[in-house]
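> Got a predicted model here, sequence first, then my questions.
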Amino acid sequence: MDERIILALDFQTKDEVVNCLASLENQVRYVKVGLELFYAEGSAIVSLLKEQGLKVFVDLKIHDIPNTAKGSMKSLAKHGADMVNVHVAGGLAMMEAAREGLEQGISAGSTSPLLIGVTMLTSSSQQMMNEQILIPGRLEETVAHYASLASQAGLDGVVASPLEVPIIKQVTRTNFLTVTPGIRTVGSAFGDQTRVTTPVKAFELGTDYIVIGRSITQAEEPAKAWADMMKSIREGK
Ligand SMILES: O=C(O)c1cc(=O)[nH]c(=O)n1[C@@H]1O[C@H](COP(=O)(O)O)[C@@H](O)[C@H]1O
């Protein structure tokens, strides 16, 4: 089982999660609980997945004042996640506070979850960034800047598109991780994602983890979609 592939469980009920994992014949090792599932099922879903021996990325994308980010992370640390995240746009003080909260919240003897910073969402385009949220310049430069800020704040890595992995690796310290959604298997619809590539290309670009959801979970035959993806990754094509 490949721990570098994180399956996004974007469902509203525990039953859908259980059915999805069963249909994938327990081949998945790392899953992501995002806002949709966490708001619906609460932290119990994280415990359930952990009890099944899975690694869990709890993707709540915290973005708040430093004190609130710190408290949120302190609470979140108790749920046994392997990876959690904040928005880099919250700034250096917020990211440092989040790290502090996480360290304070973990129980004695357990290791801290990886703390990852979200750069520019993979649904965002250069035009959206320039014209709507009024960040000038090239999107790739903003992502690189956010990544170096996250690195400076002591985060373990960032979320970005796989297309930006080479520049992120250039501007951050060794072992700084990249977690990349915006993944589509060949032929599946992009939907709301903008900065997209295939699983094979993402690993070629040097990513540490890919996050993939609908290409698998909404496929007509999820087990086949998963098996085909794994084969293409193994064969590098
Ligand atoms: O933090 C994330 O996981 C995330 C950041 C980002 O920039 N883009 C992004 O798509 N995600 C998440 O990654 C998953 C991608 O799902 P699919 O587009 O269905 O493969 C979703 O659960 C998103 O919430």
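Received, thanks.

> ok, the one residue in the chain that gets nearest to the ligand - contacts?
Nearest residue of the chain to the ligand (C-beta to the nearest ligand atom) works out as residue 213 at 2.7 Å. Yep, even glycine has a C-beta here, placed from its N, CA and C like the rest. Shown in contact with residue 213 (C-beta atoms under 8 Å, 6 or more residues apart in numbering): 7-10, 32, 181.

> can you rerun that using 7 Å?
Contacts were defined as C-beta atoms under 7 Å, 6 or more residues apart in numbering; by that measure residue 213 touches 8, 10.

> cool, and residue 167?
140, 144.

> do that again at 10 Å, thanks
140-141, 143-144, 147, 160 (C-beta atoms under 10 Å, 6 or more residues apart in numbering).

> And the ligand, is the longest strand along the chain touching that?
When the chain is parsed with DSSP state E, its longest strand is strand 55-62. Yes - looking at strand 55-62 against the ligand by C-beta under 6 Å from any ligand atom, the contacts come from 59, 61.

> Just checking: what are the partner strands of that strand?
strand 30-33 (parallel), strand 83-87 (parallel) (DSSP bridges).

> Just give me the neighbour total for the closest residue to residue 34 other than its chain neighbours.
Nearest in space to residue 34, with sequence neighbours left out and distances taken as C-beta to C-beta, 6 or more residues apart in numbering, is residue 59 at 4.5 Å. For residue 59, the neighbour count with other C-beta atoms under 10 Å is 26.

> Would you mark the buried spots in the helix or strand just after the longest strand of the chain?
Downstream of strand 55-62, the next assigned helix or strand under DSSP states H and E is helix 66-76. Buried residues in helix 66-76, counted by 16 or more other C-beta atoms under 10 Å: 66, 68-74, 76.

> so which of those also contact the ligand?
Of these, not one also sits near the ligand (C-beta under 6 Å from any ligand atom).

> Would you convert the residues you listed into JSON lines that also reports pLDDT and distance to residue 97?
Shown next, in JSON lines, are the buried residues of helix 66-76 (pLDDT from 0 to 100; distance: C-beta to C-beta, whole Å):
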{"residue": "66", "pLDDT": "98", "distance to residue 97": "4"}
{"residue": "68", "pLDDT": "98", "distance to residue 97": "9"}
{"residue": "69", "pLDDT": "98", "distance to residue 97": "5"}
{"residue": "70", "pLDDT": "98", "distance to residue 97": "4"}
{"residue": "71", "pLDDT": "98", "distance to residue 97": "9"}
{"residue": "72", "pLDDT": "98", "distance to residue 97": "10"}
{"residue": "73", "pLDDT": "98", "distance to residue 97": "8"}
{"residue": "74", "pLDDT": "98", "distance to residue 97": "10"}
{"residue": "76", "pLDDT": "97", "distance to residue 97": "13"}
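
> who touches the nearest residue in space to residue 191 that is not next to it in sequence in this structure?
In space, and not counting its chain neighbours, residue 191 is closest to residue 214: 6.5 Å by C-beta to C-beta, 6+ apart. Contact analysis of residue 214 by C-beta under 10 Å, 6+ apart lists 8, 10, 183-185, 188-193, 225.
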